[in-house]
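**Q** Whatever this is, show me its structure:
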Amino acid sequence: MVHLHEMPEGPRNLIVDQDLPKYPETKCKSGPKLEDRRIAIVTTAGLHRRKDKHFSPGKAEYRIIPSNTDMEDLIMSHISTNFDRTGFYKDVNVVLPHDRLVELVKRGEVGQEADFHYSFMGATPPRALEPAANELVGVLKDDNVTGVIFSPV
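**A** From the prediction side, this is the model:
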């Protein structure tokens, strides 16, 4: 992604002046040890399987990526033009660290991988994403996920 100081003044000001939501302070919650956790990955890279619907501008939605998906089948339909996709083209783990999670599970450092991972498209206003994010929290709880690797892109 381009550095803020490298952006033209107009787009830079849109980012700097963006009205971001203020959240109340919440205390951290303890949970199981890492080696006992069930972990899902959530990314904002706009990833999905080739057969899935592409992301569209202004749509605050997510795509489900089954953990057994062939990573070569993932495409990125993120709409941002200020987005360097080079790393993704070389190694999907840059935006969806699936192989790293599998390695941690095999070494016993993480309990297990969740059956599904999730991708939003970044460059969506936070307030617009909130309903889908709240929905995903329920989905993760129903799947007994006890930890998330969040990969903001």
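
**Q** Over to Ile39. Which of the three states is it?
**A** The three-state label given to Ile39 by DSSP: H, G, I helix; E, B strand; the rest coil is strand.

**Q** With adjacent residues omitted, what lies nearest to it?
**A** Gly147 (4.7 Å; C-beta to C-beta, 6 or more residues apart in numbering). Every C-beta, even on glycine, is put in place using the N, C-alpha and C of the backbone.

**Q** Equivalent analysis for Leu4, please.
**A** Once flanking residues are discounted, Leu4 sits nearest to Arg12: 6.0 Å by C-beta to C-beta, 6+ apart.

**Q** Can you tell me what sits against the helix or strand that neighbour falls within?
**A** Element membership of Arg12 [criterion: DSSP states H and E] is helix 9-16. Applying C-beta atoms under 8 Å, 6 or more residues apart in numbering, the set of residues contacting helix 9-16 from outside is 4-5, 7, 82.

**Q** any idea which of those is closest to Asn134?
**A** Nearest to Asn134 among the contacts of helix 9-16, counting by C-beta to C-beta, is Asn82 at 27.5 Å.

**Q** Check which helix or strand the closest one maps to.
**A** If you go by DSSP H and E, Asn82 is not part of any helix or strand.

**Q** Give me the distance between Tyr23 and Pro126.
**A** As for Tyr23, its distance to Pro126 is 10 Å (criterion: C-beta to C-beta, to the nearest Å).

**Q** The two: who's more crowded?
**A** Between Tyr23 and Pro126, Pro126 has the larger neighbour count (other C-beta atoms under 10 Å), namely 13 against 7.

**Q** Let me see the backbone angles for the more buried one.
**A** phi -50, psi -40 (degrees, to the nearest 10).

**Q** For it, give me the pLDDT.
**A** Looking at Pro126, its pLDDT stands at 82.

**Q** and if you look at Met7?
**A** For Met7, pLDDT reads 88.

**Q** Leaving out the residues flanking it, which one is nearest to it?
**A** Nearest non-adjacent residue to Met7, counting by C-beta to C-beta, 6+ apart: Asn82, 7.0 Å away.
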